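# Predicted coordinates and the sequence they were generated for:
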Amino acid sequence: MKINKEFETRFAKHEEELRWLYMELYNNGSMYAELCDQMREFYQKRRTDLKARDREKSKNPKWYRNNRMLGMMLYIDNFAGNLKGVREKLDYVEECNASFIHLMPFLDTVEGKSDGGYAVADFRKVRPDLGTMEDLADLARECHDRGIDVCMDFVMNHTSDEHEWARRALAGEGEYMSRYFFYDNPQIPQEFERTVPQVFPTTAPGNFTWLPQIGHYVMTSFYPYQWDLNYANPRVFNEMMYNFLFFANQGMDIIRIDAVPYIWKELGTSCRNLKQVHTIVRMMRMIGEIVCPAVALLGEVVMEPAKVVPYFGTVEKPECHMLYNVTTMATTWHSVAVQGTKLLKQQLDIVNQLPEEYTFLNYLRCHDDIGWGLDYGTLSSWQMKEVPHKRFLNDYFTGNFPGSESRGELYNDDPVTMDARFCGTAASMCGIESAGFEGDAAKMEKAIRKDLMLHAYMFLQRGLPMIYSGDEIGQVNDYSYKEDPRKREDSRYIHRGAFRWDLAEQRKKKGTVEARIFQALHQMEELRKKEAILGPDAQVCTWDTGDDGVLGLMRKYEGKTLVGIFNFTDWEKEIYFPEPGEYQDLLEKKRLEKDRVKLPQFGFLWALK
Ligand code: GLC
C-alpha cells in the first residue's frame with residue numbers, strides 16, 4: 001500500500017496508545033492489523049477538499065469553539081422534505097446564523113420501528129425518501145462552501161432488528177448472533193434486570209426481548225426493535241469504526257455519538273459509563289485524529305455532571321470534543337418553575353470551574369424529553385424532595401399548576417419510580433402556545449419576554465449555543481402526532497413538528513410573534529459573532545445579584561466586562577451592578593446612567609463596561 005507521509009505522521013503519534021488500548025480490550029492482533037489497514041484505505045479515499053479541511057482545522061484545533069459556532073438541529077423531512085430541499089434552504093440557515101446544522105437521523109430505518117431514525121437498518125444507505133448518499137455529500141459540500149459544518153448522529157449502541165446483522169442473527173448464524181447479546185434461557189437476562197435501569201419504562205419496559213423464532217432473548221435497552229451491539233466482539237468495534245470513517249468521508253464535520261454511556265455491558269453492573277466505554281471513545285478519537293482530524297466528536301451523555309465530565313477524557317488524552325450541558329438545561333427549567341436561581345447558579349459554577357478545553361453545547365431543549373436530573377442532594381436540603389418535586393415540575397410544565405402558562409405532555413410516566421419526564425417546545429413551555437390560544441396580548445408579551453430571556457442567558461453561558469429549528473420563530477407544540485399510529489405512543493413527537501415555513505415568513509413582518517423572537521435572537525447572534533467577549537476565550541462566572549429570582553452572569557475579556565442580568569420571576573426587579581462603572585446596554589446600544597437597573601418581569605440585560 002502507498003505510504004503517505006501525512007497519514008503516517010499522525011498514525012505514529014497515536015499508534016502506541018491505540019495498539020495498547022485495542023490489545024487491552026480485545027487482545028486480537030489480526031483484527032488490530034485489519035483496523036489499521038482500513039484506516040489507511042479510508043485516508044486514501046478521502047477527497048482532496050476534505051483533506052484540505054483536515055489541514056486547515058488542525059492548524060486551529062479550537063475551530064469548534066469559536067464565537068461563530070452556533071448549532072441548529074433539524075429533521076430533514078420536517079425542515080425541507082429531503083436532503084436536496086435542505087440545500088435549497090441554506091439561505092435561511094445562514095440567516096439564522098447557524099454555523100453548523102445537526103441533521104437528525106437520516107439513515108435507512110424501518111417505518112413504524114424507527115425511534116425517530118435511531119434504529120438504523122443500513123449504515124451505508126440514506127432513507128430513500130430523504131435522498132441518497134450522494135445528496136448527503138453534495139449538501140455537505142455546499143455547506144462547506146458557505147462556512148457551515150454538518151453534524152450527524154452516529155447510533156453505535158444498537159442496530160435495527162432489520163439490519164443485515166440482526167436478520168442473519170435471527171436466522172441462527174452464530175457469527176452474527178455474537179455481535180449482539182443472545183441468551184437461550186431467562187437466567188442471565190433476569191440477572192441483568194436486577195442491576196440495569198430502564199430507559200423507556202412505559203413505552204418499552206425491560207432490557208430484553210424474547211424472540212420466539214429462535215427461542216432466544218436478545219438485549220434491547222431501548223425499544224425491542226433496537227438490538228444492543230456487543231462491543232466485546234472486536235468485529236463490531238471494527239465495523240462500526242469503518243462506518244464512522246465512511247461518514248467522515250462523506251464530509252460530516254461533527255459526529256454525535258448517540259447514547260455513549262450504554263455501549264459496554266457487563267453483568268452485575270448498571271451497564272452505564274463502564275470504563276471500557278472510555279477506552280472505546282478514546283480509540284475513536286484517535287482513529288479520527290489519524291484519518292480525518294477535521295471531524296469532532298459530540299457525545300450524547302444524558303447523566304449528572306460527575307458522570308458527564310469524564311467523557312471529555314483528560315487534556316492529554318481527550319475523548320469527546322463536545323458534550324451536551326444537560327444538567328444545566330434541566331436546571332434552567334427548574335429555575336423557571338420555582339422562579340429561583342440558586343440551584344442554577346450552583347450548577348453553572350460547577351461548569352465554569354472546569355478546564356476551558358471542555359466545550360459544552362448549551363440548549364434549552366432538543367428532540368428528546370426533558371428528564372428532571374437535578375441535584376436532589378442540594379434540593380432536599382432546601383425541602384424539595386425528589387419525588388414530590390418532580391411531580392411539581394411535571395404539573396407546572398403541563399400547565400396543571402396554578403399560575404403556569406406552560407403547555408406540554410408527560411413522557412414515560414413510570415408508575416413505579418414516579419419518574420415521568422416532560423415534552424414540549426421551548427415556546428410552549430414559556431407560555432407562547434397558551435397565550436396565542438387565549439388571544440391574550442399581555443400574556444403573550446410576558447411569554448415572549450421569558451423566551452428571549454432564556455435564549456439571552458443561553459448565549460451568555462460558557463460553551464456553544466444550539467437552537468432547535470423552529471425555536472427561532474417560537475414554534476409551539478404540534479399535537480398531530482396523536483393521529484399517526486406509528487408515533488402516537490411517543491410524546492416526544494409533540495416537539496418534533498414540521499417546520500412552519502408559513503409562520504417563518506412572518507419573521508419579516510414587524511410586531512408578529514415570529515418577528516419579535518427571530519429579530520431579537522438575530523441581534524444577539526450577530527453580537528456573539530462580533531464581540532470577542534462573547535467568545536470562548538472570555539472568563540465566565542456567575543455573580544450574586546442579591547435576589548434569588550435573578551441570575552447574574554459575567555464575562556471578562558481583555559479588560560472589558562460583560563454583565564448579564566436575567567429575571568426569572570413574575571415581578572419587576574431592581575438590581576445593582578456587581579461592580580461600579582459606566583455600563584452600556586449592549587443590545588439597545590445606550591448608556592446606562594445609574595449604578596442599578598430595573599428589569600421588568602422576565603426581563604434581561606447585557607451590560608458592557
Ligand atoms: C438517544 C436519542 C434518542 C433515542 C435513543 C436511542 O438518546 O437522543 O432520541 O431514542 O438515543 O437511540
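Received the coordinates, thanks.
# Grab the nearest non-local neighbour of Leu379.
Nearest residue to Leu379, sequence neighbours excluded (CB to CB, 6 or more residues apart in numbering): His389, at 6.2 Å. Where you see a C-beta, it was placed from the backbone N, CA and C, and this is true even at glycine.
# these two touch, right, Gln461 and Asn362?
Yes: assessed by CB atoms under 8 Å, Gln461 is found in contact with Asn362 at 4.9 Å.
# And the closest residue to Gln213 other than its chain neighbours, how far from Leu211?
The shortest distance from Gln213 to any non-neighbouring residue, by CB to CB, 6+ apart, is to Leu170 (6.1 Å). Relative to Leu211, Leu170 is positioned 7 Å away (CB to CB, to the nearest Å).
# if we can go back for a sec, where does the residue nearest to Leu379 fall, secondary structure wise?
helix 386-397 (DSSP states H and E).
# repeat for Glu525
Under the assignment here (DSSP H and E), Glu525 is part of helix 513-530.
# what does Thr328 give?
For Thr328, the element it lies in under DSSP H and E is helix 326-338.
# The residue nearest to Gln213: neighbouring residues, count only.
Neighbourhood size, Leu170 [other CB atoms under 10 Å]: 20.
# Show the backbone phi and psi for the closest residue to Cys320 other than its chain neighbours.
Among residues not flanking Cys320 along the chain, Gly299 sits closest, at 3.7 Å (CB to CB, 6+ apart). Per-residue torsions, Gly299: phi -90, psi 130 (degrees, to the nearest 10).
# if I pick Gly299, what's in contact with it?
256-257, 260, 281, 311, 319-320, 322-324 (CB atoms under 8 Å, 6 or more residues apart in numbering).
# at 6 Å instead, please
Contact partners of Gly299, counting by CB atoms under 6 Å, 6 or more residues apart in numbering, are 257, 260, 311, 320, 323.
# Looking at those, point me to the pair that's furthest apart.
Comparing every pair within the contacts of Gly299 by CB to CB identifies Ile257 and Leu323 as the most remote, at 10.0 Å.
# just the strands in the stretch 351-500 of the chain please.
For the stretch 351-500 of the chain, strands defined by DSSP state E, counting those that start in this stretch occupy the ranges 359-363, 409-411, 421-423, 464-468.
# And the residue of the protein closest to the ligand?
When you check the chain against the ligand by CB to the nearest ligand atom, the closest residue turns out to be Tyr118, at 3.3 Å.
# Surely that residue touches Val155?
Yes: at 5.3 Å, Tyr118 counts as touching Val155 under the criterion of CB atoms under 6 Å.
# Between these two, which has more neighbouring residues?
Val155 (27 against 22).
# Return the residues of this structure in contact with the ligand.
115-116, 118, 155, 222, 258-259, 300, 367-368 (CB under 6 Å from any ligand atom).
# give the contact list for Phe123.
Asn243.
# Give me the three-state assignment for it.
Secondary structure for Phe123, judged by DSSP: H, G, I helix; E, B strand; the rest coil, is strand.
# Now that we're looking at it, what pLDDT does it have?
With respect to pLDDT, Phe123 scores 98.
# try Met1
53.
# Buried ones in the helix or strand of the chain with the lowest mean pLDDT, by neighbour count?
Using mean pLDDT, DSSP states H and E, helix 305-308 stands out as the lowest-scoring helix or strand of the chain, at a mean of 89. Going by neighbour count (16 or more other CB atoms under 10 Å), the buried part of helix 305-308 is 305, 308.
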